[in-house]
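Participant: quick one, fold the following:
(chains A and B)
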Amino acid sequence: AQSVTQPDIHITVSEGASLELRCNYSYGATPYLFWYVQSPGQGLQLLLKYFSGDTLVQGIKGFEAEFKRSQSSFNLRKPSVHWSDAAEYFCAVGAGGGYNKLIFGAGTRLAVHP
Amino acid sequence: GAVVSQHPSWVICKSGTSVKIECRSLDFQATTMFWYRQFPKQSLMLMATSNEGSKATYEQGVEKDKFLINHASLTLSTLTVTSAHPEDSSFYICSATPGQSNQPQHFGDGTRLSIL
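Facilitator: Below is the predicted model:
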């Protein structure tokens, strides 16, 4: 069965520090992978996606993610975190192909210290 | 960018009442809409997929008679929680897409439902 695992429930970093959020997936075919961000009490905003091609994908707000098939991972990175990045981050796989039938990980809550 | 409006944003009601949540795509035609449920500090769980003019497809374990979904137009889908009880309290989020798998889902801001 398809699944997404985000090992870190809560991460705290200092403003200006680098960030890496981990994501592992289980999917039988070529995965469609996504990272979303959710601010408190709001819906989700797409940060970036991987469908095919270059395994290092760039997203909005300075985020990037690298698809590693051998490790079944799609970790999210940002070189320098801003206080406004504090939010909940969800990794997801498109189980129905593309954006269809998204299966989300449990999420990682990011706190940023000034 | 594409905007999805969800209404109401917050509702409190008594046990036994029915609650309707609306999801509207404001600037595109949403062939497909999705309804998710999110428990506190947990992930989103897909409840159902609705295609305009068709019956919704419910995920395993979701009671279709409890959570009625209507997608009568290309810009509006509704989720009705019938005879709501405290265990139905949750954050409900909709998303909408033009329908093709390479088109992103655009999410509403969610509805917080509290049943007393």
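
Participant: contacts and neighbour counts: CA atoms only from here.
Facilitator: Noted.

Participant: number of residues surrounding the closest residue to chain A within chain B?
Facilitator: Per C-alpha to the nearest C-alpha, B:Asp109 is where chain B lies closest to chain A, at 3.9 Å. B:Asp109 has 26 neighbours, counted by other C-alpha atoms under 10 Å in any protein chain shown.

Participant: and what of B:Gln38?
Facilitator: 18.

Participant: give me every residue that touches it.
Facilitator: B:Leu44, B:Met45, B:Ser90, B:Phe91, B:Tyr92, B:Ile93 (C-alpha atoms under 8 Å, 6 or more residues apart in numbering or on different chains).

Participant: how near is it to B:Val62?
Facilitator: 13 Å (C-alpha to C-alpha, to the nearest Å).

Participant: state the distance from the nearest residue to A:Asn75 once chain neighbours are set aside to chain B.
Facilitator: Among residues not flanking A:Asn75 along the chain, A:Arg22 sits closest, at 4.6 Å (C-alpha to C-alpha, 6 or more residues apart in numbering or on different chains). From A:Arg22 across to chain B, the span is 15 Å (C-alpha to the nearest C-alpha, to the nearest Å).

Participant: what sits against A:Arg22?
Facilitator: Here A:Arg22 is in contact with A:Gln6, A:Pro7, A:Asp8, A:Ser73, A:Phe74, A:Asn75, A:Leu76 (C-alpha under 8 Å, 6+ apart).

Participant: can you list the residues you listed in CSV and add distance to B:Thr80 and secondary structure?
Facilitator: Output for these, formatted as CSV (distance: C-alpha to C-alpha, whole Å; DSSP: H, G, I helix; E, B strand; the rest coil):
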residue, distance to B:Thr80, secondary structure
A:Gln6, 32, coil
A:Pro7, 34, coil
A:Asp8, 34, coil
A:Ser73, 37, strand
A:Phe74, 36, strand
A:Asn75, 37, strand
A:Leu76, 36, strand
